[in-house]
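[1] Here is a sequence together with a model predicted from it:
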Amino acid sequence: MQTKILKNKKEFFISPTSPFHFDGTFHKPSHFPDKLDDWETGKYWQAIRIDKKIFGLKIENKGEAQNPKIKVSVFYDKNITDKKIENIKQEIIWRFDLNADLKKFNNLAKSDKRFYPIFKKWLGMRNSSSEDLYGLLIVAVVLQNATVRRTVQMMNVLLDNYGTKLKFDCKEIFAIWLPENLGNVSEQDLRNLKIGYRAKFIKRLSQNFAEGKIDEQKLRLLDQENAKKELMKLYGVGPETARILLFEVYHQYNTFDHIAPWQQKIYSQLFYKKPFVSAEKIRDDIKKQYGKYSMLAVHYIWEDIFWRRKNEKIDWLEKEIRL
DNA sequence: CATCAGGGCCCTG
DNA sequence: CAGGGCCCTGAT
């Protein structure tokens, strides 16, 4: 692992579309804890790579829900061009879906008697990915067939070995390695980190990305079905990983198709207050009610329960989240 | 101590 | 298209 200290700083502002919910957008309590970012109310830190160069980001809330404004501080090493600053700005807007037009979704939410309080509470929240496609792919792979504790272990050991530690703004934030950095790393090296069969996926995915076989930008232009088709071609990407990528990286709001068993139990409680409802019924009901915003609507309700979990004990939920 | 399933996916038949 | 196997870990 290498460490970089970023002393210099440049600032700019972004005005997200209104309404906007800062904390709901920049912090997702349902995600497993990692060293890739840090958050407190109104403030957020992470690393970002633009054209393989690495920067530190501090993002702060400087507006209100109906008059949104965020301040971005870019921390850098030696120098930074205006063009890089502009690229960073555009990338932040994309990753956190800051230009989203959620009018139709918000109208839909208003007519939802049952969950309107939740939608209102999180009005303006975006589905987002702090990482690029390769980064979230790594995250998704360590999620596969593992409990939360194991996932955290795998992610940390990978970052400790191949990541970059950034020091800026009195924070230590990790950045995921570049795919080509694993060029000289063998599958066995990866296996020695106790990540199991995922070593093969990560090795092969990294090769593909390093060789430029995947065009992340091009995928942003595709519709959901075609984007899914392209993602599923990647080695190690099945229906669940594709769903995560489509929703979080590509902001496809209607990806409520694949429901994993552990999610099914939580949905059953959330939507029916029952321990077990068939995945087909859950999917059909949600699709009927929220249409092309199916996954986004579920995301609001899902994250809300995990926010609540920070302060209150929710017994049925604790049982379903295997640590 | 042994067994087993888990926040999936690949491969085979 | 169904089912076995995969890495490792904590739970039983």
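    Received the coordinates, thanks.
[2] where does the stretch 1-150 of chain A come near DNA strand B, residue by residue?
    A:S30, A:H31, A:F32, A:L143, A:Q144, A:N145, A:A146, A:T147, A:V148, A:R150 (CB under 7 Å from any atom of the strand). No exception for glycine: its C-beta is placed from N, CA and C like everyone else's.
[3] could these go into a markdown table alongside distance to DNA strand C?
    Written out in a markdown table, the entries for these read as follows (distance: CB to the nearest atom of the strand, whole Å):
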| residue | distance to DNA strand C |
| --- | --- |
| A:S30 | 20 |
| A:H31 | 20 |
| A:F32 | 14 |
| A:L143 | 12 |
| A:Q144 | 9 |
| A:N145 | 5 |
| A:A146 | 7 |
| A:T147 | 7 |
| A:V148 | 10 |
| A:R150 | 5 |
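[4] Can you select the buried ones among these for me in PyMOL?
    Of these, the buried ones can be selected in PyMOL as follows, counting by 16 or more other CB atoms under 10 Å:
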select buried, chain A and resi 31+32+143+144+146+150
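[5] Going by contacts, tell me the helices and strands next to the helix or strand bottoming out on mean pLDDT in chain A.
    Scoring the helices and strands of chain A by mean pLDDT, DSSP states H and E places helix A:315-320 at the bottom, with a mean of 85. When contacts are defined as 3 or more CB pairs under 8 Å, 6 or more residues apart in numbering; DSSP states H and E, helix A:315-320 sits against helix A:261-267.
[6] and the helix it packs on, average pLDDT?
    Regarding helix A:261-267, the rounded mean pLDDT is 90.
[7] could you dump the helix or strand following it to CSV, C-alpha only?
    Using DSSP states H and E, the helix or strand that follows helix A:261-267 towards the C-terminus is helix A:279-290. Below are the C-alpha coordinates for helix A:279-290, written out as CSV (Å, rounded to 0.1, in the frame of the first residue of the first chain):
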residue,chain,number,x,y,z
ALA,A,279,-40.4,-12.8,-4.4
GLU,A,280,-42.8,-12.8,-7.3
LYS,A,281,-45.5,-11.1,-5.3
ILE,A,282,-43.1,-8.6,-3.9
ARG,A,283,-41.8,-7.7,-7.3
ASP,A,284,-45.2,-7.6,-8.9
ASP,A,285,-46.7,-5.4,-6.2
ILE,A,286,-43.8,-2.9,-6.3
LYS,A,287,-43.7,-2.8,-10.1
LYS,A,288,-47.4,-2.1,-10.2
GLN,A,289,-47.2,0.7,-7.7
TYR,A,290,-44.0,2.4,-8.7
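[8] will you turn the residues of the stretch 1-150 of chain A next to DNA strand B into JSON lines that also has pLDDT?
    Listed next are these as JSON lines, based on pLDDT from 0 to 100:
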{"residue": "A:S30", "pLDDT": "94"}
{"residue": "A:H31", "pLDDT": "94"}
{"residue": "A:F32", "pLDDT": "92"}
{"residue": "A:L143", "pLDDT": "94"}
{"residue": "A:Q144", "pLDDT": "94"}
{"residue": "A:N145", "pLDDT": "92"}
{"residue": "A:A146", "pLDDT": "91"}
{"residue": "A:T147", "pLDDT": "89"}
{"residue": "A:V148", "pLDDT": "91"}
{"residue": "A:R150", "pLDDT": "92"}
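[9] Out of the residues of the stretch 1-150 of chain A next to DNA strand B, flag the one nearest to A:E40.
    Compare each of these with A:E40 using CB to CB and the shortest gap goes to A:H31, at 15.8 Å.
[10] doesn't A:T3 fall inside a strand?
    Yes: secondary structure of A:T3, determined by DSSP: H, G, I helix; E, B strand; the rest coil: located in a strand.
[11] That one reaches A:D160, doesn't it?
    No: A:T3 is not in contact with A:D160 according to CB atoms under 8 Å; the separation is 11.6 Å.
[12] Between these two, which has more neighbouring residues?
    It is A:D160, of A:T3 and A:D160, that has more neighbours when counted by other CB atoms under 10 Å, with 13 against 9.
[13] That'll do, ta.
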